[in-house]
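Novice: Provide a 3D model corresponding to the input given below.
(chains A and B)
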2 protein chains.
Amino acid sequence: MKEPVFLQACRRQPTPYTPVWLMRQAGRYMPEYRAVRDKVSFLELCKTPELAAQVTVEAVERLGVDAAIIFADILLIVEPMGVGLEFSQGDGPVIHRPLRSGRDIDRLHARPAAPSLGFVFEAVRRARAALPQEIALIGFAGAPFTVASYLIEGGGSRHYIETKRLMYADPGAWRALMAYLVQATTDYLNGQIAAGAQAVQLFDSWVGCLSPADYRSFILPHMQALIGGLAPGVPVIHFGTNTAGLLELLAEAGGDVIGVDWRTDLDAAWPRVGFDRAVQGNLDPVSLFAPLDILRGRTARVLDAAAGRPGHVFNLGHGILPHTPVEQVIALVELVHEMSAR
Amino acid sequence: MKEPVFLQACRRQPTPYTPVWLMRQAGRYMPEYRAVRDKVSFLELCKTPELAAQVTVEAVERLGVDAAIIFADILLIVEPMGVGLEFSQGDGPVIHRPLRSGRDIDRLHARPAAPSLGFVFEAVRRARAALPQEIALIGFAGAPFTVASYLIEGGGSRHYIETKRLMYADPGAWRALMAYLVQATTDYLNGQIAAGAQAVQLFDSWVGCLSPADYRSFILPHMQALIGGLAPGVPVIHFGTNTAGLLELLAEAGGDVIGVDWRTDLDAAWPRVGFDRAVQGNLDPVSLFAPLDILRGRTARVLDAAAGRPGHVFNLGHGILPHTPVEQVIALVELVHEMSAR
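Specialist: Presented below is the predicted three-dimensional model:
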């Protein structure tokens, strides 16, 4: 039995075409997803394995992508930490008791690091059972910096002032927080792998707000510990945005596949992360709002920039945007398959 | 009479120390500024040359920086365009009649491209007259992409969907808008230069949302036209954020000084923009919230990364943040002068 094409590409093996999946492929832009969300809240959806598996699988069926990603959220891991997580309508996640000091972080340590996220593992099991063999299932987690930024800021942020302030002013507390999140995230991802995830993606979505020197001091060792602690043989996708200045460091931190946003061309990014890694990306998500002939040209340019060696997983540079037309997403998947057929 | 140290550095001449100024050095973080704003609105302040000159000069006196930047806003230029500009309290600028089509852009062209911004020129004259000779006065404007993004989105934006959609789907309309803004901005900056500005900075603050290929197609020729049309002999600072993937292209577009944010180390950035340019930057603005000894170390690292050749203007990687402690800003200026003294 041959491995799914997506996994072959993660392992830099030659594939008959470039596999494609899309970050946030199950989301608001899709009518099937909105129909489910009309009945349950976001958190209820995440916590109901049957429904989480359903939207995971439906997205694959609707789009024809080569991989599913389990429906979940990077902040589920913080809910058992007792910080008061709420997904408020429209405004994004809110954390009612953000961490602001070493004392807050010590308090966190009193709680068990292995969170009670069995509902995610159950959703993974159900999704894996429902998916055809040739479709890979991806698990995921937020990377420690990105999760910490929510824990400290109390929600999304523009300048990450409190996060950086803690990092700069109290490096001991920062290390303690990172160590705690590394342990929790390692356990969480290994749990997803045990339940059937065949690859995992670490979303360090907001790490691009850091300078290279800060990444090296405050992030890199923790990412190495985390990635080093994951079950061997399962490809790890290491993803961030605004990382055009950090790509070498992301690769040094680890991952079999480095996710690149559209701000760096793949032919410039690949030598920087090293040809011993696969690359994932990197169409600008707004391209999906462009007319089809423009979308075709832009897709071709991404494929061309990664041509010449195995190990490219096609994706957007970040998640699908809320009002993206579904038919354009379907067309994109077809274009990638058609134009990359070898 | 010797030139101000700031201008010497812009021209890559050896200087006795590294000159420093700070983006948004006259702003909300400063009590003197807030005292003025208690009496007048933001737009009134911009339009009252006496007050605009006053806050411009006061910031220099308070901080001990080597250059003043005229107090104004990058969106003043769009007010005469009849799009309904409003600076709403807290939410940032709003444009009530955003441009969404080629027709909207054609309508813009019916208006004269040379905007009635005499109040800015008068503020420049007054500030120049009030400043000591050794302090340079910088004029500025928003670069066409960044100004266009406000005109099209109707305000600040996260994903620039409407801007990119117009760019991708109607390149003719995009070119027309760029040509219009290039003409208006050229006239505006040359007016500031005629009034006494000794250098000008182009703020392409949001251009980092574009891929390198999009920058090359949709931005670069217009920036070249704009910079090529400015009065010769006056240093041009070309600044953007999130440009770690675009630095070579920014330099190709033009400018004597390339502004770099903290996401690229200056020792990595300088060879990329070329040693025939000066560089400006690039301390992370959040560093000003750190304790003094940390601030000192971080400042030293920026100076070190640019050491070894003339042509470094010290600055933050972006503007001073609203709640920054004034005493830290004063300390930063002292640190730069002290640690870079040759």
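
Novice: what residues are up against residue A:186?
Specialist: The neighbours of residue A:186, taking C-beta atoms under 8 Å, 6 or more residues apart in numbering or on different chains as the test, are A:226, A:229, A:230. In this view, the C-beta of every residue, glycine as well, is placed from N, C-alpha and C.

Novice: do residue A:70 as well
Specialist: Residue A:70 makes contacts with A:52, A:56, A:120, A:123, A:124, A:127, A:137, A:138, A:139, A:140, A:192, A:197, as judged by C-beta under 8 Å, 6+ apart.

Novice: and chain A, which residues reach chain B?
Specialist: A:159-161, A:164-165, A:168-169, A:208-214, A:242, A:244-246, A:262-265, A:268, A:284-287, A:289-291, A:294, A:298, A:301, A:321, A:323 (C-beta under 8 Å from any C-beta of the partner chain).

Novice: let's see which of those residues end up in strands.
Specialist: Judged by DSSP state E, strands contain none of the residues of chain A next to chain B.

Novice: for residue A:140, give its distance to residue B:256.
Specialist: Between residue A:140 and residue B:256 the distance is 46 Å, computed by C-beta to C-beta, to the nearest Å.

Novice: my error: substitute residue A:84 in the last question.
Specialist: Per C-beta to C-beta, residue A:84 is found 51 Å from residue B:256.

Novice: with neighbour numbers in mind, choose between those two.
Specialist: Neighbour totals were compared for residue A:84 and residue B:256, and residue B:256 leads with 18 against 13 (other C-beta atoms under 10 Å in any protein chain shown).

Novice: does the more buried one touch residue B:278 like I think?
Specialist: Yes. Between residue B:256 and residue B:278 a contact is recorded at 6.2 Å, counting by C-beta atoms under 8 Å.

Novice: so what's in contact with the two at the same time?
Specialist: Applying C-beta under 8 Å, 6+ apart, one finds that residue B:256 and residue B:278 are jointly contacted by B:10, B:11, B:235.

Novice: for those residues, which one is nearest chain A?
Specialist: Among those, residue B:10 lies closest to chain A (C-beta to the nearest C-beta), at 23.9 Å.

Novice: per-residue confidence at the residue nearest to the closest one when sequence neighbours are not counted?
Specialist: Excluding the flanking residues, the one nearest residue B:10 by C-beta to C-beta, 6 or more residues apart in numbering or on different chains is residue B:235, at 3.7 Å. Looking at residue B:235, its pLDDT reads 98.

Novice: now swap in the one 3 residues further on and tell me
Specialist: Confidence at residue B:238, expressed as pLDDT, is 98.

Novice: so the residue lying closest to it once chain neighbours are set aside, which state does it fall into?
Specialist: Nearest residue to residue B:238, sequence neighbours excluded (C-beta to C-beta, 6+ apart): residue B:255, at 2.9 Å. Secondary structure state of residue B:255, per DSSP: H, G, I helix; E, B strand; the rest coil, is coil.

Novice: got the contact list for residue B:255?
Specialist: Applying C-beta under 8 Å, 6+ apart, we find residue B:255 in contact with B:202, B:227, B:236, B:237, B:238, B:277.

Novice: of those residues, closest to residue A:131?
Specialist: Nearest to residue A:131 among the contacts of residue B:255, counting by C-beta to C-beta, is residue B:238 at 49.9 Å.

Novice: residue A:30 contacts residue A:62, doesn't it?
Specialist: Yes. Residue A:30 lies in contact with residue A:62 (C-beta under 8 Å); the separation is 6.7 Å.

Novice: tell me the contacts of the residue of the stretch 1-150 of chain A found nearest chain B?
Specialist: In the stretch 1-150 of chain A, the residue that lies nearest chain B is residue A:92 (11.1 Å; C-beta to the nearest C-beta). By C-beta under 8 Å, 6+ apart, the contact list for residue A:92 reads A:155, A:156.

Novice: could you tell me the phi and psi values at it?
Specialist: Per-residue torsions, residue A:92: phi 80, psi -180 (degrees, to the nearest 10).

Novice: pull up the overlap in contacts between residue A:30 and residue A:62.
Specialist: Here residue A:30 and residue A:62 share the contacting residues residue A:326, scored by C-beta under 8 Å, 6+ apart.

Novice: with neighbour numbers in mind, choose between these two.
Specialist: Set residue A:30 next to residue A:62 and count neighbours by other C-beta under 10 Å: residue A:30 wins out with 22 against 18.

Novice: how close does the more buried one get to residue A:321?
Specialist: According to C-beta to C-beta, residue A:30 and residue A:321 sit 12 Å apart.

Novice: what does residue A:106 give?
Specialist: Counting by C-beta to C-beta, the separation of residue A:106 from residue A:321 is 39 Å.

Novice: where do the strands sit along the stretch 101-250 of chain A?
Specialist: Assigned strands in the stretch 101-250 of chain A, in chain order: A:136-142, A:199-204, A:236-240 (criterion: DSSP state E, counting those that start in this stretch).

Novice: middle-most residue in chain A, spatially?
Specialist: For chain A, the residue nearest the mean C-alpha position is residue A:203 (3.8 Å; C-alpha atoms, centre = their mean).

Novice: which residues touch the closest residue to residue A:101 other than its chain neighbours?
Specialist: Nearest residue to residue A:101, sequence neighbours excluded (C-beta to C-beta, 6+ apart): residue A:173, at 7.0 Å. Contacts for residue A:173 (C-beta under 8 Å, 6+ apart) come out as A:101, A:102, A:105, A:166.

Novice: isn't residue A:262 up against residue A:282?
Specialist: Yes. Between residue A:262 and residue A:282 a contact is recorded at 5.0 Å, counting by C-beta under 8 Å.

Novice: the more surrounded of these two?
Specialist: Shown here are residue A:262 and residue A:282; by other C-beta under 10 Å, residue A:262 has more neighbours (27 against 24).

Novice: got a list of contacts for the helix or strand bottoming out on mean pLDDT in chain A?
Specialist: None of the helices or strands of chain A scores lower by mean pLDDT, DSSP states H and E than helix A:102-109, at a mean of 88. Here helix A:102-109 makes contact (C-beta under 8 Å, 6+ apart) with A:81, A:83, A:98, A:99, A:170, A:172, A:173, A:176, A:177, A:180.
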